[in-house]
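Enquirer: Need the 3D shape of this:
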Amino acid sequence: TVVVRGKGSSRLKTVTGDDDEDEPTHVLIRGHSQAAVSKAKELVETLIDFNSEEGEALRQQQRRKGQILNGTLREDKEAADLQALLTGGARANLTTNLFS
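Expert: Sure thing, here's the model as predicted:
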């Protein structure tokens with residue numbers, strides 16, 4: 001189980017009765033073995049490292065899955081070019097006129 005806890009971790013007021021808004025933001029990791037907890041910790045560390053290419057790939061994969069679930073995924077070339085332009089991706093040097 002991986003849960004973000006602490007100040008700012010929830011938009012809703014605590015329903016469970018746990019008032020952790022006074023705690024600093026942190027990640028609570030529980031698992032059936034130390035190996036499972038260690039693996040989850042490594043994944044969390046990768047995800048929160050915004051200088052990591054692997055972390056960016058995982059975040060992009062999660063955004064894509066969310067867009068598919070929400071029905072908002074755009075597969076067209078202009079959307080990909082705009083995303084690359086905004087994130088500094090490899091396609092950011094395109095000369096496509098996106099804003100005309």
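Enquirer: what comes up buried for the longest helix along the chain?
Expert: Secondary structure of the chain per DSSP state H: the longest helix is helix 53-70. In terms of neighbour count (16 or more other Cβ atoms under 10 Å), helix 53-70 has its buried residues at Gly55, Glu56. Where you see a C-beta, it was placed from the backbone N, CA and C, and this is true even at glycine.
Enquirer: Show me the helices in the protein, by range?
Expert: 34-48, 53-70, 77-87.
Enquirer: For Val3, find the nearest of these.
Expert: Closest to Val3 of the helices of the chain, according to Cβ to Cβ: helix 34-48, at 10.7 Å.
Enquirer: Tell me the helices and strands packed up against the closest one.
Expert: strand 26-29, helix 53-70 (3 or more Cβ pairs under 8 Å, 6 or more residues apart in numbering; DSSP states H and E).
Enquirer: repeat that with 10 Å
Expert: strand 2-5, strand 26-29, helix 53-70 (3 or more Cβ pairs under 10 Å, 6 or more residues apart in numbering; DSSP states H and E).
Enquirer: Which secondary structure element of this protein has the lowest mean pLDDT?
Expert: Least confident helix or strand, the chain: helix 77-87 with a mean of 66, by mean pLDDT, DSSP states H and E.
Enquirer: Fine by me, we can end here.
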